[in-house]
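Student: how would this look folded up:
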Amino acid sequence: MSLIKSAFLATTLLALAASPVSAEQFVVPQSSAGTMSQIDLWGRQLTAIAGARATKVQWERAVRAAALINSNRCKDAYLLAASEQDERLAKRVYEVCTAPN
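Tutor: Take a look at the predicted model:
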């Protein structure tokens, strides 16, 4: 998986974990064709980063979790979050890993 996709996944995980917004309220902006445009993607990333207000440790943990997920190691990503007692990140990892493709 590309570095951009990994960064986006980490940003999304972290933003969702740090946000009081539930996963059901998390709406991804889409272009008229039904796919996210590159500008929408960048805007989403910047908004998530700004809203997350994560510490360096939280950011690094989300990046590690995203890398594990990208390596098809969802269980390890979940255990990483759980071992650090990061319940929000653990919940988001579970949601990402169990979402239908």
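Student: List the contacts of Thr55.
Tutor: By C-beta atoms under 8 Å, 6 or more residues apart in numbering, Thr55 lies in contact with nothing. (C-beta placed from N, C-alpha, C; glycine too.)
Student: Pass me the low-pLDDT residue ranges in the protein, would you?
Tutor: Scanning the chain for pLDDT under 70 picks out 1-35, 49-50, 52.
Student: Tell me which stretches of it form helices.
Tutor: Taking DSSP state H, the helices of the chain run over residues 3-18, 38-52, 56-70, 74-83, 87-98.
Student: From the contact counts, what lies against the second one?
Tutor: Contact here means 3 or more C-beta pairs under 8 Å, 6 or more residues apart in numbering; DSSP states H and E; on that basis helix 38-52 packs against helix 3-18.
Student: How about the third one?
Tutor: Under the contact definition 3+ C-beta pairs under 8 Å, 6+ apart, helix 56-70 sits against helix 3-18, helix 74-83, helix 87-98.
Student: Could you rerun that using 10 Å?
Tutor: When contacts are defined as 3 or more C-beta pairs under 10 Å, 6 or more residues apart in numbering; DSSP states H and E, helix 56-70 sits against helix 3-18, helix 38-52, helix 74-83, helix 87-98.
Student: circling back to that earlier point, could you redo the helices of the chain as TSV and give each row mean neighbour count?
Tutor: Formatted as TSV, the helices of the chain follow (neighbours: other C-beta atoms under 10 Å):
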stretch	mean neighbour count
helix 3-18	19
helix 38-52	14
helix 56-70	18
helix 74-83	18
helix 87-98	18
